[in-house]
Each structure stands twice: as C-alpha cells, then as structure tokens.
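Novice: Next come a sequence and a model predicted from it.
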Amino acid sequence: MVNFGKRIKATPIIIDQNMKPQKLKRLPVNTKLFQEEWLQKLIRDYPSLLPVDEIEPVFGPRHNGTVLLC
C-alpha cells in the first residue's frame, strides 16, 4: 500500500482547445509512459512546473533568476 501522506484533495483539470474541462488522473508509479530524459528536460525548460520553493525554499529560484539543478 502506498502512503501519500497529507495531500490536497483537489482534482487537477486541463481545459482543452474547445474550452471543455477534463479531470486529470494519477498514473500508477510503475507506469512508464515517458522517458526520464524527456521529463528532466521538461523540468529544466519549465522550472515553475515544480513548486520546489514551496517545498524547500533553498532549492527555489534565486533572486537573480537562476535555478539550482542537481
């Protein structure tokens, strides 16, 4: 059994090109729909996808706009 801890109980949605909202579903952890390299590039290109500064401020964007990459 996977314990996700305390999580917000909201369901994220995406609005399609016809302005129709669709609920997003969580993928099982073992689902391999995307290559790891693709995901890493996506996060590098769009760091705001992960709110790391809300999780641990030291890893968030710096005042000069740079982002710490590990």
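Specialist: Great, that's in hand. Residues are numbered from 1 along each chain as shown.
Novice: Going by C-alpha atoms from here, please, whenever you check contacts or count neighbours.
Specialist: Fine.
Novice: Pretty sure residue 53 sits in a helix.
Specialist: Yes: assessed by DSSP: H, G, I helix; E, B strand; the rest coil, residue 53 belongs to a helix.
Novice: burial of it, as a residue count?
Specialist: 13 (other CA atoms under 10 Å).
Novice: name the element the residue sitting furthest away from the middle of the chain belongs to?
Specialist: Centroid-distance maximum for the chain: residue 18 at 24.1 Å, with CA atoms, centre = their mean. Under DSSP states H and E, no helix or strand contains residue 18.
Novice: if I look at it, how far off is residue 39?
Specialist: Using CA to CA, to the nearest Å, one obtains 27 Å as the distance from residue 18 to residue 39.
Novice: And for residue 54?
Specialist: 20 Å.
Novice: Restricting to C-alpha, output stretch 10-17 in CSV.
Specialist: The C-alpha trace of stretch 10-17 is given here as CSV (Å, rounded to 0.1, in the frame of the first residue of the first chain):
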residue,chain,number,x,y,z
ALA,A,10,-8.4,18.7,-5.2
THR,A,11,-8.6,17.1,-8.6
PRO,A,12,-6.5,19.0,-11.2
ILE,A,13,-8.2,19.7,-14.6
ILE,A,14,-7.0,20.7,-18.0
ILE,A,15,-9.0,22.8,-20.4
ASP,A,16,-8.9,21.5,-24.0
GLN,A,17,-9.0,23.6,-27.1
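Novice: what about it, average pLDDT?
Specialist: The average pLDDT within stretch 10-17 is 88.
Novice: which other residues reach it?
Specialist: 21-24 (CA atoms under 8 Å, 6 or more residues apart in numbering).
Novice: Could I get the average pLDDT for stretch 34-53?
Specialist: Stretch 34-53 comes out at a mean pLDDT of 85.
Novice: distance between the ends of that stretch?
Specialist: Stretch 34-53: ends 25 Å apart by CA to CA.
Novice: So which bits of stretch 13-26 are buried?
Specialist: Residues of stretch 13-26 include none that count as buried (16 or more other CA atoms under 10 Å).
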